[in-house]
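Colleague: Kindly return the folded structure for what I paste below:
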Amino acid sequence: MKKLLLATTAASLLAGASFADGHAKEVKLGILIGFTGPIESLTGPMAAGAELAMAEVTESGMLLDGAKVTPMRADTGCIDNGLSTANAERMIADGINGLIGGDCSGVTGAILSNVAVPNGMVMISPSATSPGLSTAEDNDLFFRTAPSDAREGQVMADVLMDRGIKSIALTYTNNDYGKGLADAITTSFEAVGGEVTISAAHEDGKADYSAEVGALASAGGDLLVVAGYLDQGGLGIINASLDSGAYDTFGLPGGMIGDSLPANVGDALNGSFGQIAGSGGEGIEKLTAMATDFDATSPYTPESYDAAALFMLAMQAADSVDPADYGSKILDVANAPGEKIYPGELGKALEILKNGGEVDYVGASAVELIGPGESAGSYREIEVQDGKNVTVKFR
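Modeller: Below you'll find the predicted structure:
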């Protein structure tokens, strides 16, 4: 993303007025994601993951001499720019010190340009993946713990080729996320010798997708890749395809991975496959053990825990809750050098930072932030088996 060295004078004054008390005894972190809308089945665990990190830090008593971390939730609807920006503005007025969100790419861009940048507020998104966000003018305020769809396009091309798929029909939800992901899949798949017979947008919220499926089927292809939302049009496309017999196996990018899809489609989805951001190893194992009342492996939940953790570690490193002070520390605490930090070790990390040491936050999703402040990206390859999403490989 375009990193501007200085915020505007107006934004700086606003930030200075809002965050003058660098050592407030209460730290407020906003969680602004789609509790309604096309990915609502994912956002409960996402919020729970972020709040688990906050509770861990509060319990440790190590953040800025014992500050309590308070979560504040609000809705984006995933695709509602007006709702998203209004709720972001309300959170700013209510005194948040950092913003976890948005979730879907279009609303994330709207929040960034219309609210975060004018108010000097740092954002860390756990799930917005549009490549366009990599070049957004953000005044050094925007980060994400999920990788760009430019990377997912490469991963999906590898998955398709490894499974012997030589041609695909492709449909995508008609917004920034869908178009960016479709372009990335097309470019990457064609680069390794695959053929995209058609790339066609679909609208969310329709009752009947038979016309869209008819056009996709006419173009042919070994497989239908659905770059949509699992609780909206993507689900409708799959059901219409199965009802008509047009396709019986589907390629499923990140927005289509979640427990609700196989639950809603049934056994007919068995054999379909795809990928979503995620990693194996010590980090996710520790988070899973900690999460007693929600599924820590749910999509973008590890990334949500990590987004919250990065905020609090950066505040400790800067000795301030002012975004103008701690924003520059996020890349420092996320990357080497320093002691590696996993879920459950946030108190330890805060103590290291308080004593002038360095940490390399690995977290639950193997955090490594690259140039534009986004995740370098590892993925779980998923296959639907016996009505459930099963991780078959990490890439």
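Colleague: pLDDT weak spots in the protein?
Modeller: By pLDDT under 70, the weakly predicted segments of the chain are 1-24.
Colleague: most residues in a single helix of it, which one?
Modeller: Criterion DSSP state H: the longest helix present in the chain is helix 40-60.
Colleague: Tell me the gap between that helix and the middle of its chain.
Modeller: Taking CA atoms, centre = their mean, to the nearest Å, one finds helix 40-60 lying 14 Å from the centre of the chain it belongs to.
Colleague: Mind listing what's buried along that helix?
Modeller: 40-43, 45-54, 56-58, 60 (16 or more other CB atoms under 10 Å). From N, CA and C alone the C-beta is placed, and that goes for glycine too.
Colleague: Can you name every helix or strand that that helix contacts?
Modeller: Here helix 40-60 touches strand 26-33, strand 68-75, helix 282-290, helix 301-318, helix 346-354, going by 3 or more CB pairs under 8 Å, 6 or more residues apart in numbering; DSSP states H and E.
Colleague: helix, strand or coil for the residue most central in space within the chain?
Modeller: Centrality entry for the chain: nearest residue to the mean C-alpha point is Ser127, 1.0 Å, by CA atoms, centre = their mean. Assigned with DSSP: H, G, I helix; E, B strand; the rest coil, Ser127 falls in the coil class.
Colleague: and the helix or strand that contains Leu99, how far from the chain's centre?
Modeller: For Leu99, the element it lies in under DSSP states H and E is strand 98-101. How far strand 98-101 lies from its chain's middle: 12 Å, per CA atoms, centre = their mean.
Colleague: list the helices and strands it packs on?
Modeller: Packed next to strand 98-101, using 3+ CB pairs under 8 Å, 6+ apart, are strand 26-33, helix 81-93, helix 105-111, strand 123-125, helix 301-318.
Colleague: Which one of these lies nearest to Pro253?
Modeller: Closest of the helices and strands packed on strand 98-101 to Pro253 is helix 105-111, at 12.8 Å (criterion: CB to CB).
Colleague: Sort out which residues of the helix or strand following the closest one are buried, please.
Modeller: Using DSSP H and E, the helix or strand that follows helix 105-111 in sequence is helix 117-119. For helix 117-119, a neighbour-count test (16+ other CB under 10 Å) marks Val117, Pro118, Asn119 as buried.
Colleague: got it, and stretch 161-177?
Modeller: Neighbour counts over stretch 161-177 (16+ other CB under 10 Å) mark Ile165, Ile168, Ala169, Leu170, Thr171, Tyr172, Thr173, Asn174, Asn175, Asp176, Tyr177 as buried.
Colleague: Please state the backbone phi and psi of the closest residue to the residue nearest to the centre of the chain other than its chain neighbours?
Modeller: Spatial nearest neighbour of Ser127, excluding adjacent residues (CB to CB, 6 or more residues apart in numbering): Tyr300 at 4.1 Å. As for Tyr300, its main-chain torsions (degrees, to the nearest 10) stand at phi 70, psi 10.
Colleague: could you redo the helices and strands packed on helix 40-60 as JSON lines and give each row distance to Ala157?
Modeller: Formatted as JSON lines, those follow (distance: least, CB to CB, whole Å):
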{"stretch": "strand 26-33", "distance to Ala157": "29"}
{"stretch": "strand 68-75", "distance to Ala157": "34"}
{"stretch": "helix 282-290", "distance to Ala157": "25"}
{"stretch": "helix 301-318", "distance to Ala157": "23"}
{"stretch": "helix 346-354", "distance to Ala157": "37"}
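Colleague: right, so the ones you listed: which one is the most enclosed?
Modeller: helix 301-318 (a mean of 29; mean count of other CB atoms under 10 Å).
Colleague: which secondary structure elements does the following helix or strand past that helix contact?
Modeller: Counting by DSSP H and E, the next helix or strand C-terminal to helix 301-318 is helix 323-326. Packing partners of helix 323-326 (3+ CB pairs under 8 Å, 6+ apart): helix 9-18, helix 301-318.
Colleague: ok, back up a step: the residue nearest to Ser127 touches Met46, doesn't it?
Modeller: Yes: in terms of CB atoms under 8 Å, Tyr300 counts as a neighbour of Met46; the distance is 5.3 Å.
Colleague: who touches both of the two?
Modeller: Asp103, Pro126, Ser127 (CB atoms under 8 Å, 6 or more residues apart in numbering).
Colleague: The last one contacts Ile31, correct?
Modeller: Spelled out, that is Ser127. No: under the criterion of CB under 8 Å, Ser127 makes no contact with Ile31, lying 11.8 Å away.
Colleague: quick one: common contacting residues for these two?
Modeller: Joint contacts of Ser127 and Ile31 (CB under 8 Å, 6+ apart) are Met46, Ser304.
Colleague: before we move on, back to that, Throw the buried residues of helix 117-119 into CSV and include distance to Lys354, thanks.
Modeller: Listed next are these as CSV, based on distance: CB to CB, whole Å:
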residue, distance to Lys354
Val117, 31
Pro118, 33
Asn119, 28
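Colleague: Tell me the one of those nearest Ile238?
Modeller: Val117 (37.8 Å).
Colleague: before we move on, back to that, out of the buried residues of helix 117-119, which is nearest to Gln275?
Modeller: Val117 (31.8 Å).
Colleague: Quick check: the closest one touching Glu137?
Modeller: Yes: Val117 is within contact range of Glu137, at 7.4 Å (criterion: CB under 8 Å).
Colleague: and the gap between the closest residue to Lys286 other than its chain neighbours and Arg151?
Modeller: Nearest non-adjacent residue to Lys286, counting by CB to CB, 6+ apart: Pro343, 4.4 Å away. Look at Pro343 and Arg151: by CB to CB, to the nearest Å, they are 23 Å apart.
Colleague: for Gly347, same thing?
Modeller: Taking CB to CB as the measure, Gly347 falls 32 Å from Arg151.
Colleague: One more: Val115?
Modeller: Val115 is 27 Å from Arg151, where distance means CB to CB.
Colleague: again, but for Met123
Modeller: 20 Å.
Colleague: Would you mind telling me which of these two has more residues around it?
Modeller: Ranked by neighbour count (other CB atoms under 10 Å), Met123 and Arg151 place Met123 first, with 28 against 22.
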